[in-house]
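Student: no letters, just coordinates:
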């Protein structure tokens with residue numbers, strides 16, 4: 001029998017027999033103003049009626065990556081903003097400008113660096129700020145930044161593209177920092193519930209990518225200008241973030257939620273307040289931590305910095321598939337559907353369970369990097385195109401995406417099974433931090449790979 005995820009019952013009995021004062025002042029401060037009296041004064045365990053809290057966790061998972069999903073997926077809009085304003089009439093060949101070719105790499109870094117920095121700051125000093133204020137504040141910042149991004153759709157930036165690039169990168173940087181704070185707090189809260197709620201957050205993040213891709217495709221389907229389609233697209237993102245902000249405020253009115261915030265899942269409230277040494281937890285989950293690092297470092301090294309440059313087969317030149325739909329459908333929709341499918345399948349199978357097999361599988365995904373670089377990414381100077389046909393690129397993309405989602409969920413689930421209940425919140429924070437380290441490392445490496453094509 002596998003006992004790696006079992007709880008030391010003798011230790012728990014000893015903990016329960018200890019006489020200690022539980023400091024739950026932060027949690028009580030969070031909910032005193034809004035939750036019902038019975039949650040604070042009785043041992044009654046409320047139910048998640050109509051799965052409202054579960055659905056909201058799904059929504060928050062979607063919203064947590066809105067800056068990444070909606071900004072990075074709006075490729076048609078960015079290509080228009082950074083196009084060659086005064087094309088060279090001496091040649092009929094249209095090539096990407098320097099800004100067009102490197103913009104996605106800039107976005108990757110503007111997302112990954114603040115994500116890593118603020119996840120680390122949140123894990124070290126997040127306890128100094130009340131959870132409710134921290135999460136609401138981060139959603140407000142994301143909302144304001146996305147409104148600024150939406151407003152710039154209607155501004156003519158042709159004559160000052162460099163300035164617009166700097167403003168955009170700065171806005172994305174701030175949004176990503178706020179999102180990192182929100183994700184860190186959200187993961188911490190979800191760890192106090194049963195595993196289904198953590199799965200809702202993780203799956204919601206993947207589903208957000210699908211929603212962003214579908215919204216982009218639908219906005220393009222109107223066949224209006226890139227500016228009008230982007231306006232529709234970003235307004236959808238604005239509505240999602242604002243809805244999440246309102247929903248989070250209302251969440252504290254729900255007894256089921258406030259009960260778990262106060263006492264933690266399974267009545268383990270006392271354990272949750274005991275000292276948890278991060279070095280002890282790190283020793284238990286370091287294999288999973290390195291696995292999640294490998295998964296996202298490998299993925300981010302080529303997606304989307306390299307994959308966004310892949311073009312359809314030359315035989316489709318001049319068609320709507322080539323000019324409009326290829327990148328949003330293959331690069332974003334198919335990738336996110338594959339990633340989401342992988343996470344769903346992992347939730348059912350929960351295999352493999354051996355941490356070393358998981359690590360090996362995570363590292364083996366590196367095979368996908370050269371394969372994607374050998375697809376029809378343009379412009380290129382050094383590498384040949386081996387996989388020219390669309391179907392070849394799509395198959396590689398599906399396998400790459402599915403393995404990303406599958407291994408992500410396997411790691412997230414198993415990493416909390418090898419620690420004790422009161423250590424799960426900190427373990428989840430470590431995994432989230434290493435995921436962010438992987439994003440940052442992959443984004444940096446991706447900027448190099450673009451120049452090696």
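Tutor: Noted; the coordinates are in hand. All figures in this text were calculated on a predicted structure; none of them were measured in a lab.

Student: measure residue 209 to residue 334 for me?
Tutor: Counting by CB to CB, to the nearest Å, the gap between residue 209 and residue 334 amounts to 11 Å. (Each C-beta comes from the backbone N, C-alpha and C, glycine too.)

Student: neighbour-wise, which of those two wins?
Tutor: The neighbour count for residue 209 versus residue 334, taken as other CB atoms under 10 Å, is higher for residue 209 (25 against 18).

Student: count of neighbours near the closest residue to that one other than its chain neighbours?
Tutor: Leaving aside its sequence neighbours, residue 209 sits nearest to residue 336 (CB to CB, 6 or more residues apart in numbering; 3.3 Å). By the criterion of other CB under 10 Å, residue 336 has 23 neighbours.

Student: quick check: residue 336 is in a strand.
Tutor: No - under the criterion used here (DSSP: H, G, I helix; E, B strand; the rest coil), residue 336 is helix, not part of a strand.

Student: need the contact list for it.
Tutor: Shown in contact with residue 336 (CB atoms under 8 Å, 6 or more residues apart in numbering): 69, 206, 209, 210, 212, 213, 401.

Student: what do you get for residue 280?
Tutor: Shown in contact with residue 280 (CB under 8 Å, 6+ apart): residue 423.

Student: thought residue 359 was touching residue 290, still the case?
Tutor: Yes - with contacts defined as CB atoms under 8 Å, residue 290 counts as touching residue 359 at a distance of 6.5 Å.

Student: distance of the residue nearest to residue 209 from residue 205?
Tutor: In this structure, residue 336 and residue 205 are separated by 10 Å, where distance is defined by CB to CB.

Student: how about residue 144?
Tutor: According to CB to CB, residue 144 stands 22 Å off from residue 205.

Student: what about these two, which has more around it?
Tutor: Shown here are residue 144 and residue 205; by other CB under 10 Å, residue 205 has more neighbours (25 against 15).

Student: wouldn't that one be in contact with residue 59 here?
Tutor: No - under the contact definition of CB under 8 Å, residue 205 does not touch residue 59, with a separation of 11.1 Å.

Student: which parts of the helix or strand containing residue 282 are buried?
Tutor: Assigned by DSSP states H and E, residue 282 belongs to helix 278-302. Across helix 278-302, burial judged by 16 or more other CB atoms under 10 Å covers 281, 284-285, 287-302.

Student: cool, and stretch 191-208?
Tutor: Neighbour counts over stretch 191-208 (16+ other CB under 10 Å) mark 191-193, 195, 197-208 as buried.

Student: ok, now stretch 129-143?
Tutor: Of the residues in stretch 129-143, those scored as buried under the neighbour-count criterion (16+ other CB under 10 Å) are 131, 132, 134, 135, 136, 138, 139, 141, 142, 143.

Student: which of those residues fall in helices?
Tutor: Secondary-structure check on the buried residues of stretch 129-143 using DSSP state H: residues within helices are 131, 132, 134, 135, 136, 138, 139, 141, 142, 143.

Student: what is the strand or helix carrying residue 209 packed up against?
Tutor: Take DSSP H and E as the rule and residue 209 turns out to sit in helix 195-221. With contacts defined as 3 or more CB pairs under 8 Å, 6 or more residues apart in numbering; DSSP states H and E, helix 195-221 has these neighbours: helix 52-64, helix 66-73, helix 161-190, helix 226-251, helix 335-349, helix 390-415.

Student: these: which one's closest to residue 109?
Tutor: For those, proximity to residue 109 was assessed by CB to CB; helix 161-190 is nearest, at 8.3 Å.

Student: and the buried residues of stretch 129-143 as TSV, adding pLDDT and distance to residue 365?
Tutor: Formatted as TSV, the entries for the buried residues of stretch 129-143 read as follows, by pLDDT from 0 to 100; distance: CB to CB, whole Å:
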residue	pLDDT	distance to residue 365
131	80	35
132	83	38
134	87	34
135	89	32
136	91	37
138	93	31
139	93	33
141	95	34
142	93	30
143	93	35
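
Student: tell me the one of the residues you listed nearest residue 311?
Tutor: Closest to residue 311, out of all of the buried residues of stretch 129-143 and judged by CB to CB, is residue 142, at 32.5 Å.

Student: residue contacts, the residue nearest to the closest one when sequence neighbours are not counted?
Tutor: Taking CB to CB, 6+ apart as the measure, residue 142 lies nearest to residue 178, with 4.9 Å between them; neighbours along the chain are not counted. By CB under 8 Å, 6+ apart, the contact list for residue 178 reads 118, 137, 138, 139, 141, 142, 145.

Student: do that again at 6 Å, thanks
Tutor: Under the criterion of CB atoms under 6 Å, 6 or more residues apart in numbering, the contact list for residue 178 reads 138, 141, 142.

Student: confidence score at it?
Tutor: Among the per-residue scores, residue 178 holds a pLDDT of 93.

Student: how about residue 98?
Tutor: The confidence metric pLDDT takes the value 84 at residue 98.

Student: residue closest to the middle of the protein?
Tutor: For the chain, the residue lying nearest the average C-alpha position, counting by CA atoms, centre = their mean, turns out to be residue 65 (4.6 Å).

Student: quick check: that residue vs residue 209, distance?
Tutor: With distances taken as CB to CB, residue 65 is found 7 Å from residue 209.

Student: ditto for residue 305
Tutor: When CB to CB is applied, the distance between residue 305 and residue 209 equals 16 Å.

Student: so where's the protein shaky on pLDDT?
Tutor: Within the chain, the stretches with pLDDT under 70 are 1-44, 87-94, 263-276.

Student: specify the beta-bridge partners of the closest residue to residue 393 other than its chain neighbours.
Tutor: Leaving out its chain neighbours, the residue that sits closest to residue 393 by CB to CB, 6+ apart is residue 375, at 4.6 Å. Here residue 375 sits in beta bridges with residue 387, as judged by DSSP bridges.

Student: mind listing what residue 375 touches?
Tutor: With contact set as CB under 6 Å, 6+ apart, residue 375 has these partners: 310, 387, 393.

Student: out of those residues, flag the one nearest to residue 248.
Tutor: residue 310 (37.6 Å).

Student: correct me, but that closest one touches residue 374?
Tutor: No - with contact defined as CB atoms under 6 Å, residue 310 does not reach residue 374; the gap is 10.3 Å.

Student: these two: which is more packed in?
Tutor: For residue 310 versus residue 374, the count of surrounding residues by other CB under 10 Å is larger for residue 310: 24 against 19.

Student: and that one, backbone torsions?
Tutor: Torsion angles at residue 310 (phi, psi; degrees, to the nearest 10) stand at phi -70, psi 130.

Student: what separation is there between it and residue 144?
Tutor: Residue 310 sits at a distance of 34 Å from residue 144 (criterion: CB to CB).

Student: distance check, residue 346 against residue 65.
Tutor: With the distance defined as CB to CB, residue 346 ends up 18 Å from residue 65.

Student: the helix holding residue 209 relative to helix 52-64, how many degrees between them?
Tutor: Taking axes from the mean of the first three to the mean of the last three CA atoms, to 10 degrees, one finds helix 195-221 and helix 52-64 inclined to each other by 50 degrees.

Student: alright, calling it a day.
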